[in-house]
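Novice: structure here, sequence nowhere to be found:
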């Protein structure tokens, strides 16, 4: 296998890539043709742009597991994992003895068509093709920010699949660009933390123990967090979305639950340090100040370029504006509501989060400016380059081989399905 050096010198990466949505559909169609009595591929909906949404079903048992990939366009590991799981369920009779498995190939095919780095060789290359839609356009998150009559068709399709299958567990495959692996649960699954942690250790993937996304959430075990009950406070009051109003909780109507399995593309061994931070309040204030400063730099470029964009309002520009709009409230949340978890891992997670918000907005705005040969593009490209390389260097990023990403996520899905089923007995 050929390797190509990471531009920043962080790590060589293998010449492997994540499958596109058409490639996933072709693979699923091949599986269905190979085992027609057991495996069915159906179109269950269409996206806003008219792209088909496909569900691959293996087995006909009433007890069901639903696996969802592609909810976030910039988190591509899930597609590879979904196909690996489908093949494994087909090959191992015990997995489907009394359970049917259903795989939503990509929850957001429109978004997937806009994230154009299937084989990133550096964090910079990843960001140069970056896309993640604004919150209201994300299939799983839209119910938390939109009224029911305005939900996008991708969300309505996903809700309809849950209504039809009534899965005892839904597992949605997510990821991060740089960090560690962790699991979010809508209900506690005792026993999951042990196989999850063992898998991560075997594959040299750090466990993210202080994810700031889950600040204040109950801990089921290292890297496994349980979402708070409805009615309790949220970690960051300024953020417009609330996981408890997302599609993740829809399975609760039928006695089910959801697990969100996160796996990194690049790992950082700084995200699992449980040591207390020596001065967390001061560190968080510095990070909040940097977030506002970096965001302001991107806002100035946007303000300068907007008159030349002639009213452009495509998904890249909408997403960039949305991301920039999050920064002021997020910075205030960090400073005004310090969490009980003030470990090195937590402060590191805030550091990474604060880098991502302006970097992602800058990257998407850069793609817009490049598309119009705008004179502001070279300066913004320098900013994206500097921030990407600084991010990788600060966190000592190392590539997680794609087979390891897929194996760890697959193992965690299977462990979740097993332990969640034991709760039903």
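Specialist: Done, it's in. Note that the structure is a prediction, hence the values are computed from the model and not measured.
Novice: pLDDT weak spots in the stretch 101-250 of the chain?
Specialist: Applying pLDDT under 70 to the stretch 101-250 of the chain flags residues 230-235, 240-241.
Novice: so where do the helices sit in it?
Specialist: Secondary structure of the stretch 101-250 of the chain (DSSP state H, counting those that start in this stretch): helices at 109-114, 123-128, 153-165, 193-202.
Novice: cool, and the stretch 301-425 of the chain?
Specialist: With helices called from DSSP H, counting those that start in this stretch, the stretch 301-425 of the chain shows them at 315-336, 344-371, 377-394, 402-424.
Novice: which among these is found nearest to residue 154?
Specialist: Closest of those to residue 154 is helix 315-336, at 13.1 Å (criterion: Cβ to Cβ). The C-beta positions use only the backbone N, C-alpha and C, and glycine is treated the same way.
Novice: please tell me how far residue 57 sits from residue 39.
Specialist: 7 Å (Cβ to Cβ, to the nearest Å).
Novice: still on that earlier bit, need the helices of the stretch 101-250 of the chain in JSON lines (columns: distance to residue 23 and mean neighbour count).
Specialist: Shown next, in JSON lines, are those (distance: least, Cβ to Cβ, whole Å; neighbours: other Cβ atoms under 10 Å):
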{"stretch": "helix 109-114", "distance to residue 23": "11", "mean neighbour count": "22"}
{"stretch": "helix 123-128", "distance to residue 23": "19", "mean neighbour count": "22"}
{"stretch": "helix 153-165", "distance to residue 23": "19", "mean neighbour count": "20"}
{"stretch": "helix 193-202", "distance to residue 23": "26", "mean neighbour count": "17"}
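Novice: how about CSV for those, with distance to residue 68 added?
Specialist: Below are those laid out as CSV (distance: least, Cβ to Cβ, whole Å):
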stretch, distance to residue 68
helix 109-114, 13
helix 123-128, 22
helix 153-165, 7
helix 193-202, 19
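Novice: between those helices, which gets nearest to residue 385?
Specialist: Once the helices of the stretch 101-250 of the chain are compared by Cβ to Cβ, helix 123-128 is nearest, at 5.7 Å.
Novice: and the contacts of the closest one?
Specialist: 7-8, 10, 117, 120, 177-178, 265-266, 359-360, 363, 366-367, 384-385, 388-389, 391-392, 397 (Cβ atoms under 8 Å, 6 or more residues apart in numbering).
Novice: from these, list just the buried residues.
Specialist: Buried members of these, counted by 16 or more other Cβ atoms under 10 Å: 8, 10, 117, 120, 177-178, 265-266, 359-360, 363, 366-367, 384-385, 388-389, 391-392, 397.
Novice: could you report the neighbour count for residue 97?
Specialist: By the measure other Cβ atoms under 10 Å, the count of residues near residue 97 is 9.
Novice: per-residue pLDDT of it, please?
Specialist: pLDDT recorded at residue 97 is 92.
Novice: circling back: so which of the helices of the stretch 101-250 of the chain comes closest to residue 81?
Specialist: Shortest distance between residue 81 and those, using Cβ to Cβ, is found for helix 193-202: 12.7 Å.
Novice: which strands or helices does the closest one pack on?
Specialist: Counting contacts by 3 or more Cβ pairs under 8 Å, 6 or more residues apart in numbering; DSSP states H and E, helix 193-202 packs against strand 219-221, helix 402-424.
Novice: coming back round to it: out of the helices of the stretch 301-425 of the chain, which one sits most buried?
Specialist: The highest average neighbour count among the helices of the stretch 301-425 of the chain, using mean count of other Cβ atoms under 10 Å, belongs to helix 344-371 at a mean of 23.
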